[in-house]
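Kindly return the folded structure for what I paste below:
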Amino acid sequence: MAIRYRTFKFSSNDFDEVTTLLRDHHHVNEQNFWVHLEPMVEEGEVHQSSIFWRMFSSRGPIIPKFTWVPSYEKKGQVVPAQIGITHPVGTKAIERLKDFEIEIPQGWILHQDHPKRGMVISLPEGCSQDQVVSFAVRTLEILSPFDFDGNYVASVTT
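Numbering: from 1, shown residues only. As a prediction, this is how the structure comes out:
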């Protein structure tokens with residue numbers, strides 16, 4: 001099966017297309033679908049660090065990325081939908097979110113909060129996709145080391 005890839009833009013004020021996409025694909029038979037959300041920035045706006053710094057740093061990528069994968073079946077078991085967030089904040093991501101009064105919603109399970117690999121969170125069955133996208137937008141704004149105008153790029157892989 002060929003891998004298909006598409007991107008589209010959305011804003012923090014209007015993310016209906018992303019919400020609909022997640023709702024329409026909330027459960028798949030195989031793990032072959034995922035969505036990345038990133039702040040829309042121009043290449044020249046982001047400082048590129050040296051390869052040496054990236055190799056030995058305990059931080060993730062400069063541009064934060066939010067990834068969503070739907071629930072799917074594996075060996076007769078349902079694997080819950082998950083989100084992942086890579087970011088450049090290092091070991092202080094959860095504390096930074098709390099400073100901005102953002103908590104991981106009740107029922108969501110934090111599996112990992114690694115400074116370089118980011119956060120991994122499982123979502124409960126029936127989780128609101130509006131809540132997921134709203135959490136993504138707010139989290140990316142807070143974990144971003146630069147200002148941007150509230151516009152994002154969604155990348156969909158199927």
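
how much space between the residue sitting nearest the centre point of the chain and residue 75?
Closest residue to the average C-alpha location of the chain: residue 66 at 1.2 Å, with C-alpha atoms, centre = their mean. Relative to residue 75, residue 66 is positioned 28 Å away (C-beta to C-beta, to the nearest Å). The C-beta positions use only the backbone N, C-alpha and C, and glycine is treated the same way.

Can you show me the helices along the chain?
Under the criterion DSSP state H, the chain contains helices at 16-24, 51-56, 93-99, 129-143.

As a quick check, tell me the outermost residue of the protein.
Distance to centre of the chain, C-alpha atoms, centre = their mean, peaks at residue 76 (26.9 Å).

Ramachandran coordinates for that residue?
Per-residue torsions, residue 76: phi 80, psi 0 (degrees, to the nearest 10).

Look up how far residue 28 lies from it.
From residue 76 to residue 28 the distance is 15 Å (C-beta to C-beta).

Was I right to think residue 133 contacts residue 23?
No - Residue 133 lies out of contact with residue 23 (C-beta atoms under 8 Å); the separation is 9.9 Å.

Looking at those two, which has the bigger crowd around it?
Each of residue 133 and residue 23 has its neighbours counted (other C-beta atoms under 10 Å); residue 133 has more, 27 against 13.

got the contact list for that one?
Taking C-beta atoms under 8 Å, 6 or more residues apart in numbering, we find residue 133 in contact with 15, 18-19, 22, 37.

Go again with 6 Å.
Going by C-beta atoms under 6 Å, 6 or more residues apart in numbering, residue 133 touches 15, 18-19.

who wins for proximity to residue 85 among the helices of the chain?
helix 129-143 (6.0 Å; C-beta to C-beta).

would you put the C-alpha positions of the closest one in CSV?
This file holds the C-alpha atoms of helix 129-143, laid out as CSV (Å, rounded to 0.1, in the frame of the first residue of the first chain):
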residue,chain,number,x,y,z
GLN,A,129,-11.4,15.6,19.5
ASP,A,130,-12.1,19.3,20.1
GLN,A,131,-10.4,18.9,23.5
VAL,A,132,-7.4,17.2,21.8
VAL,A,133,-6.9,19.9,19.2
SER,A,134,-7.5,22.7,21.7
PHE,A,135,-4.9,21.1,24.0
ALA,A,136,-2.5,20.8,21.0
VAL,A,137,-2.8,24.5,20.0
ARG,A,138,-2.4,25.8,23.6
THR,A,139,0.5,23.4,24.3
LEU,A,140,2.4,24.3,21.1
GLU,A,141,2.0,28.0,21.9
ILE,A,142,3.5,27.6,25.4
LEU,A,143,6.3,25.2,24.5
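
Brilliant, that's me finished.
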